[in-house]
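# coords please:
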Amino acid sequence: MVIDVATIPTAKVEWQGAVRIIRSVYPPIDLFEDIADPADWPLLISAEQKTNPRLMDTIGNIDLVPPDRRVGGPGASYLMAPFTHVSTDRPSRFSDGSYGVLYVGNRFEVALLETTHHHARFMSRTNEPPGWASQFREIVMTVQGSLRDLRGMNPAHAAALDANSYAESQLLAFQLRGSGSDGIVYPSVRSGGECVGLFYPDLASGPIQGRHLDYHWDGSRVDLYRDAGSGEVVRIV
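Numbers count the residues shown, from 1 in each chain. Prediction:
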């Protein structure tokens, strides 16, 4: 069933302390962090490529982000990277992988359950043995924007919130993004909280790194997480 985008209301979203959790294997990108003015990036990239042919492996495809929607400065990697490093091998709820989406939860527990779900699927597919398997980092930020709102639980929008299929949600997002929408706010299907899928990086600001987290895989699910700083271990229920 094709969802009629005209039936989806728009809501102003303003979240302080919103949370995204990412794998720690992804380091900050120097260009985004050190050069505050995104207008300077194309010339710098062009000059650097002459001596560093592997530069694009680090930065990704900056052309995927409109110049007037790019962000720079401290923490900018956490906002830009989801849009410059994309692949159709990594689809998500609101993208087939041909363009980026920044997913953020309205609180820590939401981001935790979203990431442990997807990490468990990966661990299961690769038949990994039980143990402390992976390291993650918590990114805390502000989200602010006018987004299409799926939180009303309208039955006509249910297909976009399917827990197991992204077919309808990707089609909906493609339509919304093409019509100028900035993103979507929706109820998390993994927790009782809320998430946003942002189509551009400038809808989030002030990202700071929080805790480093270790995830424990018990062979069927991620059952524990550990605060790498304090050593506290918490069971996920």
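# quick one: contacts for S205?
With contacts defined as Cβ atoms under 8 Å, 6 or more residues apart in numbering, S205 is in contact with V71, L79, M141, T142, Q144. All C-beta atoms are positioned from the backbone trio N, CA, C, and that covers glycine.
# Could you check how far it is from R93?
23 Å (Cβ to Cβ, to the nearest Å).
# Based on its surroundings, how many neighbours for Q144?
Residues within reach of Q144, counting by other Cβ atoms under 10 Å, total 16.
# That one: what secondary structure?
strand (DSSP: H, G, I helix; E, B strand; the rest coil).
# does it really touch L203, like I thought?
Yes: under the criterion of Cβ atoms under 8 Å, Q144 makes contact with L203 at 6.7 Å.
# Give me the below-cutoff pLDDT ranges for the protein.
1, 26-37, 39-58 (pLDDT under 70).
# same thing but 80
Applying pLDDT under 80 to the chain picks out residues 1, 25-59.
# can you give me the helices for it?
Taking DSSP state H, the helices of the chain run over residues 30-34, 41-49, 55-59, 76-84, 108-125, 167-178.
# Run through the neighbouring helices and strands of the fourth one.
It stands for helix 76-84. Packing partners of helix 76-84 (3 or more Cβ pairs under 8 Å, 6 or more residues apart in numbering; DSSP states H and E): helix 30-34, strand 102-105, strand 131-149, strand 204-217.
# ranking these by burial, who's on top?
Of the helices and strands packed on helix 76-84, the one with the most neighbours on average (mean count of other Cβ atoms under 10 Å) is strand 102-105, at a mean of 24.
# Look up which residues are beta-bridged to the residue nearest to L203 when sequence neighbours are not counted.
The shortest distance from L203 to any non-neighbouring residue, by Cβ to Cβ, 6 or more residues apart in numbering, is to G145 (4.1 Å). Beta-bridge pairing for G145 (DSSP bridges): V13.
# please begin residue numbering at 708 from this point
I'll keep to 708 as the first residue from here, and by that count the last item is G852.
# My guess is G852 contacts F906. True?
No: if you go by Cβ under 8 Å, G852 and F906 don't touch, sitting 9.4 Å apart.
# joint contacts of the two?
Contact criterion Cβ under 8 Å, 6+ apart; residues bridging G852 and F906 by contacting each: D889, G890.
# OK, contacts around the closest residue in space to D856 that isn't next to it in sequence?
Nearest non-adjacent residue to D856, counting by Cβ to Cβ, 6+ apart: A718, 4.0 Å away. If you count contacts by Cβ under 8 Å, 6+ apart, A718 has them with S853, L854, R855, D856, R858, V892.
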